[in-house]
Structures are given as structure tokens and as C-alpha cells.
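Chemist: Kindly return the folded structure for what I paste below:
(2 chains)
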Protein chains: 2
Amino acid sequence: MKKVLSFVLVVSIFWLPTFVYPQEAPRLPDFKIQQSPKLQTGFVIHGGAGAMRRGSLSPSQEKFYREKLKESLMEGYNALLNGKTSIDAVEVAIKIMEDSPLFNAGKGSVFTANGKNELDASIMDGRTQNAGAVAGLHKVKNPITLARAVMEKSPHVMMIGDGDEKYAEELGITLVPEKYFWTQQRWDSLQKIIKKEKAKKSRKESIESNLQGEFNNKFGTVGAVALDKYGNLAAGTSTGGMTYKKYGRVGDVPVIGAGTYANNVTCAVSATGWGEFFIRLSVARDIASLMEYKNMDVQKAADTVIHKKLQDLGGNGGVIAIDKQGNIGISFNSEGMYRA
Amino acid sequence: MKKVLSFVLVVSIFWLPTFVYPQEAPRLPDFKIQQSPKLQTGFVIHGGAGAMRRGSLSPSQEKFYREKLKESLMEGYNALLNGKTSIDAVEVAIKIMEDSPLFNAGKGSVFTANGKNELDASIMDGRTQNAGAVAGLHKVKNPITLARAVMEKSPHVMMIGDGDEKYAEELGITLVPEKYFWTQQRWDSLQKIIKKEKAKKSRKESIESNLQGEFNNKFGTVGAVALDKYGNLAAGTSTGGMTYKKYGRVGDVPVIGAGTYANNVTCAVSATGWGEFFIRLSVARDIASLMEYKNMDVQKAADTVIHKKLQDLGGNGGVIAIDKQGNIGISFNSEGMYRA
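Modeler: Sure thing, here's the model as predicted:
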């Protein structure tokens, strides 16, 4: 294991949530990267500590958080080293984050305005350009696994709601009672917002607060992009949406081309941020298009979409991306919100 | 009115459904175009007669079909001439097709495998790049109107299922009992497929037939693209999905960037075809990207995506598009299916 890791370049960008002040632009998601030029494999995950406020994590919680990110990263990366595909690596890494209550995906997902957990996920295979996306789940333990099943075992790409869950059952995918997704921390966050909302009167104010809620609570979205030794790219993303979101609202995560995209010709992308803007801009697909049609490298393409297009539209968030040579692109903005 | 129309170039491409033989590649959707270079407005609709089989329409039905297309076209176009926006024109034209039982959208939508009607729609404003998409509706009379409301009156872009319908109610959008969408013709189509399916044994066969079902029943999707005299583009699409589709399956129509896209910098696009392929390729967004990044004209961009990319992947369908100068692009393939 040690020998293998000696080939590994680890780049960790830590933005300690405990340093974030409420008045400041929230910090960016945790990103950890491992890249092995020799094996031509690469793996990046995002786990989104973005909007956690000062004091919202105790030092011991923070430690758990870092450890879980590391576990997810290593499991995915080891899968690649062991000859598994990029799709395998993406699924295994995201599953670990879905199973942890620390992330806004799977267990630990935030609550909708009516006190439900509603989960979305998607995955895309760069080799075949096949994709699977699921939205509005209430009972599927690992949305990323169902997204993969939709991709591989059905003729469809996108499935939503109850129909989705019936299909999961047919496929033998683990279902859990809705209360499985309940966590005290997320419930408390919902109650706080409900209290604030009650104090407001005008509809306009309420919408604005809702948007702010999106910003503050969306960055827990998790995702991964991978290049395997067979030269194939894959991307996946999973989320619990935003606290106090309208029941039925869907963000960019299950929209192929917005939150997730992969194509061996260009790159694999997973996004996290203000979903509505990511849909309107087809963020993930646009990064690939800039590479394909303008010959940009993956970092420049990601920066162009995030720092120029997303910024101009007033949106907020970031992406992780990897190209077929294993080059990594990471881009995020946060000033945009305060200008919007 | 006559005076105004004298400026209008009317291009009608009729592919008479009654001339289609079951063995032949199904004919393409009806497209009608009106363009007025002087006023710099343009309007195109598709109403999808594509897969109607020989004898499935009587001459009188065919007449109704043509008249309804004409009504939709003229209402949308007159809206533009009267100074309404491209969004207004798109909505009014699509509403007329949704209200008619002749199209696979709104009333007249096909049935899912479990005997339900499940409707999707989306709309996008090229000026603001704002968008609205709705999926999995069972009670909303005009899905395109709800999509517009999501775009204009909510902070969200995409909403699905029950949550969507609750939101429609809040906004005072017309809801109807589910039986409103029931039509004898679509019910009979479902019964025929169910009968065939029962005769089959292997899952593989069933999936293949399902895919074939998609092909045979998807082309009734309706859509419109418009350029108004203010120089703004808009696109909209509405569908009942495919006969015998799995409950919860969503095609390209509510996926912004796949079935619908509009951006004043490039073009407005509405697609009809085998939805899964349109999602995987981000068809509508890709046409815009080819214009933006490769300086292609709208027709060449549409042809590149439909005749090359979609064809290579084995997908099937077509698009209508219009650019900011009022140039129109129409592209569709049908041979691809028989190679798939």
C-alpha cells in the first residue's frame, strides 16, 4: 500500500469551516485530489463544508468530517488502483459520503419545507456517454447506486419520485424507512428557518430568504470524478437539496449536463452550488464544450464557466473536473452571491 | 391582417402520415415555419405526426390535425405581430396543442405502463436565460403554463410530481381530474402494447420493445421556438412521454439543455425524439455551443448534432431552432433507428 501511495500526489485544499464568519463569504467545499501520472488514473471528490458556520462543528466533529472525506477518497482511489472502473470508484466514494450523516446527501440530507428528506443523484459514464439520474427519492438508501442501476439496467436515463422507488425495489436496491434520513442537526436547521419565515410577512422577503437558504445549505452536495487506467472518465453527484426547499423542487444534480457530465473526448465534471444557475447555464456540459470546441484545458474551461458565466448571471458554486490525461480542474466562486 | 401577412414567408413541410408504411422509417414531424425578415420575428412549431401509421388517421382526422397545427402556428405568430414576447408566443402555441387530443401533450397524452398520464414540459427565455421545467404531472391542464410560472414566479427552475401540482394550486393554475387526459385512442395503444408484452418472456425482449415503443410514440411531443421584435428568443416543449413507459421515467423534455434551450447569444431550440439520447448529448445546448464556439450557423449546428452525434450514438429524432437574426434550423434523422 505504501509503495502504491508513493506515486500519489496528494493535493488537499482545506478551508476550515471554523474560520468562517457569518458575515464573510462562506468558505469553499473541501476538495482533495489524488493523482497518479504513472498509472494515468486520477480521482477527485468534493464533500462540501462550504456553508458550515463558525462553531457549527466542534473540533471532534471536524475531525470526523476530515476522516470521512479521507475514507471516501481512499476507497475510491484504491478501487482505481485495484483495476476497478471509474464508475466503480465514483459510486463507492459517493456511497461512503451518503452513508455518513456529515454530508447533505443520503443520511444527513437537509429537510424540505414540509419536513421531508428528498434526495437526488446522477452518474455518467464517459466511455459510453450513458447516464443515470434520479430525483425526488424518499426511501432509497443510496441514490447514487440507484442512478447507476438506471444507467446500466434500464433503457432510461432519468427517473423521478415514487416510480423511481418502485423500480429500486424491483432491482433489489436497499430501501429504508423515511426516518432513516432524519438527523437532529438538519431538523434543527429546518426549525430555525421556519421560525424566521414565520416572522416575515411579504412573499418577496420569503423568496429571498429561500434563495439565501439555498446558498447556505447547498454546499453539502457530494460528488466525484475519476479517470481509470483504461482511460475512461466518470462523474457522479448526490444531494439532499436545500433546507426549506419547496417540496418537489429539483436542483442541478439530477440534470445531466448541469450538475454531472462525462465524456471521454473531453472531461468528467461534478458540480456543487446554487442549482438553478447550474441548470440555466448547463455548467458541466459547457465546460466540456469549451474543451471540445475552443481547445481550452480543463482548468481554463472550468474557470471560464464559473468565474465568468456563472458570476455574470449572479450564481454561486463550484466544480471539480478531470480530463482524459488526468489533468484536474477545480473552480469555484463565492463573491458572486454578495453581488447578486 | 392581410397586409401584415404579405411580409410573411410561409414554409410548410408536410410529411403525410397516411403515406407512411409500417416497414418504412416513420415520417418526420410536421413542421411549419413563418418568418418575416422585415419585422425580424420568426416562429416555428413542431407537432409531431412522426410515427402515425398508415390508416391511423382518417382523412377527416388528418384535416383536423392540419387545422390544429395551423391554428397553433397562427396564434403564436399573431401574438408576435401584436407585440407580445417570444415567451408569450411559445406558450400560446403550445397550449393550443396541449388542449387538443391530437398531440402527445396535455390532453391526448399517451399512457404509462400502469395506465396513467404523466406530463412534462419546459420553457426557456433567451433574454435572461431563465427557465422553467416541470415533470411527472398528473393534474395540470397546461404543463407549459406551469413551466412558465415556475420560471417567472418561483426562485426555482425544475419541479417534479406532487410538489409541482401543489405549487400549481397555489398559483391558481388550472388543475383537472386525471380522467381529463384519458383518450380512447391512446388507451387502445396502451392495451395493444400490454398484449404484446404479455406474449413475451425475456426481459431483454421487453426492454427492446419498450425502446421501440419510445420511438413509435414519442414524436407527438410538441414544441415551439420564437424570435420576437424585441430581438428576444424563446423555446418551449411539452410531452406526454411514451406509451407504456415506466411510471416515473422522464425524457429530455423537462431537461433544460436537452429538449429545450434558449439564449439570445445563439439560438432557441426545441427537440422531439428518443429522449434518453437527447439527454446524454445535451442536444439543445450543444447546438447553441456549436454556434457560440465554432461559429456555425443554426442549420449547420443542428445538422451536426442530429446527423452526426445523435446518429453515431444510435439515437433518433429532430429539432427546430431559430437564431437571433431569425434564421431557422430544422434537422431530423430517421434512418438511425433501423441501424440501432
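
Chemist: For A:Y65, which three-state class applies?
Modeler: helix (DSSP: H, G, I helix; E, B strand; the rest coil).

Chemist: wait, I meant A:M159
Modeler: strand.

Chemist: any idea how far it is from A:R186?
Modeler: Using CB to CB, to the nearest Å, A:M159 is found at 25 Å from A:R186. For glycine as for every other residue, the C-beta is placed from the backbone atoms N, C-alpha and C.

Chemist: The two: which is more packed in?
Modeler: Under the neighbour definition other CB atoms under 10 Å in any protein chain shown, A:M159 and A:R186 were set side by side, and A:M159 has more, 31 against 22.

Chemist: list the contacts for the nearest residue to A:V298 once chain neighbours are set aside?
Modeler: Distances taken as CB to CB, 6 or more residues apart in numbering or on different chains put A:G329 closest to A:V298, at 3.6 Å, once the chain neighbours are dropped. Residues in contact with A:G329 (CB atoms under 8 Å, 6 or more residues apart in numbering or on different chains) are A:267, A:287, A:297-303, A:319-323.

Chemist: Please give me every residue in contact with A:V134.
Modeler: Applying CB under 8 Å, 6+ apart, we find A:V134 in contact with A:119-122, A:140, A:143, A:146-147, A:150, A:158-160, A:164, A:254.

Chemist: which bits of the stretch 151-300 of chain A sit near chain B?
Modeler: A:154-164, A:166-167, A:207, A:210-211, A:214, A:246-251, A:255-258, A:261, A:275-276, A:279-282, A:285-286, A:289-290, A:293-294 (CB under 8 Å from any CB of the partner chain).

Chemist: Need the buried ones from these selected in ChimeraX.
Modeler: Applied in ChimeraX, the following selects the buried portion of those according to 16 or more other CB atoms under 10 Å in any protein chain shown:
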select /A:154,155,156,157,158,159,160,161,162,163,164,167,210,211,214,246,247,248,249,250,251,255,256,257,258,261,275,276,279,280,281,282,285,286,289,290,293
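
Chemist: In strands, which of the residues of the stretch 151-300 of chain A next to chain B appear?
Modeler: In this view, these that belong to strands under DSSP state E are A:M158, A:M159, A:I160, A:R249, A:V250, A:Y261.

Chemist: In the residues you listed, find the pair that's most separated.
Modeler: Pairwise distances among those were taken by CB to CB; the largest, 21.4 Å, belongs to A:R249 and A:Y261.

Chemist: sec struct for A:L69, please.
Modeler: helix.

Chemist: surely it meets A:I45?
Modeler: Yes. Counting by CB atoms under 8 Å, A:L69 does reach A:I45; the two are 7.1 Å apart.

Chemist: follow-up on the earlier one: would you confirm that the residue nearest to A:V298 belongs to a strand?
Modeler: Yes. Assignment of A:G329 by three-state DSSP places it within a strand.

Chemist: Does it have any beta-bridge partners, and if so which?
Modeler: For A:G329, the beta-bridge partners are A:A321 (DSSP bridges).

Chemist: how near is it to chain B?
Modeler: Relative to chain B, A:G329 is positioned 17 Å away (CB to the nearest CB, to the nearest Å).

Chemist: Can you list the buried residues in stretch A:261-278?
Modeler: Buried residues in stretch A:261-278, counted by 16+ other CB under 10 Å: A:261-264, A:266-278.

Chemist: Select from these every entry located in helices.
Modeler: Using DSSP state H, the members of the buried residues of stretch A:261-278 that fall in helices are A:G275, A:E276, A:F277, A:F278.

Chemist: B:L175: which of the residues you listed is nearest?
Modeler: In terms of CB to CB, no member of those lies closer to B:L175 than A:E276, at 24.8 Å.

Chemist: ok so, going back, can I get the contacts of A:G329 in JSON lines with distance to B:S58?
Modeler: Output for the contacts of A:G329, formatted as JSON lines (distance: CB to CB, whole Å):
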{"residue": "A:C267", "distance to B:S58": "52"}
{"residue": "A:I287", "distance to B:S58": "51"}
{"residue": "A:D297", "distance to B:S58": "60"}
{"residue": "A:V298", "distance to B:S58": "57"}
{"residue": "A:Q299", "distance to B:S58": "61"}
{"residue": "A:K300", "distance to B:S58": "59"}
{"residue": "A:A301", "distance to B:S58": "54"}
{"residue": "A:A302", "distance to B:S58": "56"}
{"residue": "A:D303", "distance to B:S58": "59"}
{"residue": "A:V319", "distance to B:S58": "54"}
{"residue": "A:I320", "distance to B:S58": "57"}
{"residue": "A:A321", "distance to B:S58": "55"}
{"residue": "A:I322", "distance to B:S58": "57"}
{"residue": "A:D323", "distance to B:S58": "56"}
